[in-house]
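**Q** I'd like to go over a predicted model; first the sequence, then the structure.
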Amino acid sequence: MKYVTVVRDDNTSKKVEETIKSSLKITYDNDNPDYVIAIGGDGTIIKASHQYPDAIIFGIHTGHLGFYANYTLDDINVLINDINNNDFKVSNVDKISIFVNDGKEEKLFGSALNEITINTPLSAIAMDVSIDDNFFERFKGTGLCFSTPYGSTAYNKSLNGAVLDTSLNLIQMTEIAGINSNAYRTLASPLVLDGRRIIKLDKFKNINKLYITIDYETHEMNNLESISVLSNGLSTKMAYHEYEDHLNRIKRTFLK
């Protein structure tokens with residue numbers, strides 16, 4: 001088996017990396033690792049999931065505790081032993097994907113652990129929203145945020161979206177500065193959908209450029225015919241020794 005490290009740029013994380021690398025008995029491989037040891041915070045783990053989508057991720061937090069890491073600074077030796085002895089468990093964290101259609105073909109554009117947003121920060125965008133090919137609403141505003149259950153505690157929460165149970169395969173659609181008037185009427189509330197549903201955006205108006213974010217990545221897009229967001233079975237494999245219930249993660253992050 002082979003591994004690689006993805007490390008946040010701070011002294012504590014770098015020291016943890018040194019300790020782990022000096023103790024592991026498997027080969028370091030930057031190109032085709034089986035395991036990724038992400039040392040830092042949730043952002044580091046999300047970055048690692050984009051760089052190595054097929055690997056098993058061992059997340060270790062070196063700052064305040066977040067949601068994705070299953071190891072802490074007190075668990076460094078546990079993590080080392082888990083890898084050396086091949087004695088760990090794996091959970092699959094569902095991702096959501098975005099497909100774009102430029103009028104010629106529809107193609108997978110990317111997948112996210114936290115959220116995907118479609119927005120136009122400098123002006124309002126108008127677009128049709130359909131769910132499973134059924135027209136739902138004509139939206140006007142800055143944009144829309146689509147989040148996973150894990151991602152529901154991130155940007156979605158700041159938009160007053162709901163916090164979702166991570167044991168469920170769901171997609172949440174939350175408005176970003178929606179405009180409601182006699183001309184445009186939207187739900188004006190977060191909408192939680194079964195992950196098997198397909199959300200389609202089209203008939204864009206009042207826009208030359210729109211921005212698509214996929215977790216931390218931002219892409220400027222032009223002349224798109226349609227966008228589809230769905231959960232298409234992709235996931236990230238997260239390693240753990242003892243699994244912490246998601247409600248406990250929520251309590252220690254927001255309520256203590």
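**A** Looks like it arrived, so ask away. Numbers count the residues shown, from 1 in each chain.

**Q** so when I look at residue 187, I'm seeing a helix, right?
**A** No - read with DSSP: H, G, I helix; E, B strand; the rest coil, residue 187 is coil and lies in no helix.

**Q** touching, it and residue 139? I think so.
**A** No - using Cβ atoms under 8 Å, residue 187 makes no contact with residue 139, being 9.1 Å away. All C-beta spots, glycine's among them, are computed from the backbone N, C-alpha and C.

**Q** compare these two and say which one has the larger neighbour count.
**A** residue 139 (26 against 14; other Cβ atoms under 10 Å).

**Q** quick one, what contacts the more buried one?
**A** 125-129, 175, 178, 184, 186 (Cβ atoms under 8 Å, 6 or more residues apart in numbering).

**Q** buried among these? Need that as a selection in ChimeraX.
**A** Buried members of the contacts of residue 139, defined by 16 or more other Cβ atoms under 10 Å, are picked up in ChimeraX with:
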select :125,126,127,128,129,175,178,186
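
**Q** which one of the contacts of residue 139 sits closest to residue 72?
**A** Nearest to residue 72 among the contacts of residue 139, counting by Cβ to Cβ, is residue 175 at 36.0 Å.

**Q** so that closest one is in which element?
**A** Under the criterion of DSSP states H and E, residue 175 resides in strand 170-178.

**Q** residue 79 belongs to a helix?
**A** Yes - using three-state DSSP, the assignment for residue 79 is a helix.

**Q** the residue nearest to it when sequence neighbours are not counted: neighbour count?
**A** Excluding its sequence neighbours, the residue lying closest to residue 79 (Cβ to Cβ, 6 or more residues apart in numbering) is residue 71, at 4.8 Å. Residues near residue 71, counting by other Cβ under 10 Å, number 24.

**Q** who does residue 71 form a beta bridge with?
**A** Residue 71 has the following beta-bridge partners by DSSP bridges: residue 60.

**Q** surely it touches residue 45?
**A** No - using Cβ under 8 Å as the test, residue 71 is too far from residue 45 to be in contact (10.8 Å).

**Q** overlap in contacts of those two?
**A** Common contacts of residue 71 and residue 45 (Cβ under 8 Å, 6+ apart): residue 59.

**Q** angle of the strand ranked longest in the chain against strand 170-178?
**A** Of all segments of type strand in the chain, defined using DSSP state E, the longest is strand 134-147. Relative orientation of strand 134-147 versus strand 170-178 (axes from the mean of the first three to the mean of the last three Cα atoms, to 10 degrees): 90 degrees.

**Q** gap between the least confident helix or strand in the chain by mean pLDDT and the chain center?
**A** The weakest-scoring helix or strand in the chain, judged by mean pLDDT, DSSP states H and E, is helix 246-250 (a mean of 88). Distance of helix 246-250 from its chain centroid, counting by Cα atoms, centre = their mean, to the nearest Å, is 17 Å.
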